[in-house]
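Engineer: Take a look and give me a structure for this.
(2 chains)
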Amino acid sequence: KQEVTQIPAALSVPEGENLVLNCSFTDSAIYNLQWFRQDPGKGLTSLLLIQSSQREQTSGRLNASLDKSSGRSTLYIAASQPGDSATYLCAYQTGANNLFFGTGTRLTVIP
Amino acid sequence: EAGVAQSPRYKIIEKRQSVAFWCNPISGHATLYWYQQILGQGPKLLIQFQNNGVVDDSQLPKDRFSAERLKGVDSTLKIQPAKLEDSAVYLCASSLADGSETQYFGPGTRLLVL
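Structural biologist: Have a look, this model is predicted:
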């Protein structure tokens, strides 16, 4: 059974702090892992995609790592801003192309 | 480049009624997905199309849900009859080739069944 767990479920931080979001998964045969951002009333936006052969990906203030052997991924956000407030979802893909999502972490960055 | 379009954005119906959602993927995207996202959960795949053929519909409750993608472009998802537990956001996504690349999501249709 595919399970994706995200901890914490919710997080509030003051502006400027660095933070880490965690994602763990049970399926060892992943093709890639992605981090998405979801704003209220809007769809999902892909932030970073890490292929199973890679260890990390970076985009601006975001850095995502993948440890396939331990079934874990982290999303690091540097110097958080109020505009980063959203729900962050991790999801992995198997060879069947289906995306299996976690339940998300709701982030609030306080000005 | 235009994104994935969905309509309606919101729908309120009573249980046992029927409802249909429409999705227009990004031009040239061969793969189209419908996801169901219940409040507080992550999206769950309902059905995946490659052009106008079904690739995966193993999680689609076929006794009440149906979907089609005529001509391999637009798609409609129908629920008939709706149940209270169908209240959710229905997300459509598309990708270029076989789904191993980035999926682009539409804004979703929020359904409330009373």
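
Engineer: Tell me the residues of chain A that contact chain B?
Structural biologist: Near chain B, the residues belonging to chain A are A:4, A:31-32, A:34, A:36, A:41-46, A:49, A:89, A:91, A:93, A:96-99, A:101-104 when assessed by Cβ under 8 Å from any Cβ of the partner chain. C-beta coordinates here come from the backbone N, C-alpha and C atoms, glycine included.

Engineer: among those, which are in strands?
Structural biologist: By the criterion of DSSP state E, membership of the residues of chain A next to chain B in strands covers A:4, A:32, A:34, A:36, A:44-46, A:49, A:89, A:91, A:93, A:99, A:101.

Engineer: So what's the residue count around A:T58?
Structural biologist: Counted with other Cβ atoms under 10 Å in any protein chain shown, residues neighbouring A:T58 total 11.

Engineer: contacting residues for it?
Structural biologist: Counting by Cβ atoms under 8 Å, 6 or more residues apart in numbering or on different chains, A:T58 makes contact with A:48, A:64.

Engineer: Give me the buried entries from the residues of chain A next to chain B.
Structural biologist: Using 16 or more other Cβ atoms under 10 Å in any protein chain shown as the burial test, the residues of chain A next to chain B include A:4, A:32, A:34, A:36, A:43-44, A:46, A:49, A:89, A:91, A:93, A:97-99, A:101-104 as buried.

Engineer: Show me where chain B dips below the pLDDT cut-off.
Structural biologist: B:1, B:97-100 (pLDDT under 70).

Engineer: Show me what from it comes close to chain A.
Structural biologist: Taking Cβ under 8 Å from any Cβ as the measure of proximity, chain B contacts chain A at B:4, B:31, B:33, B:40-45, B:48, B:55-56, B:91, B:93, B:98-100, B:102-108, B:110.
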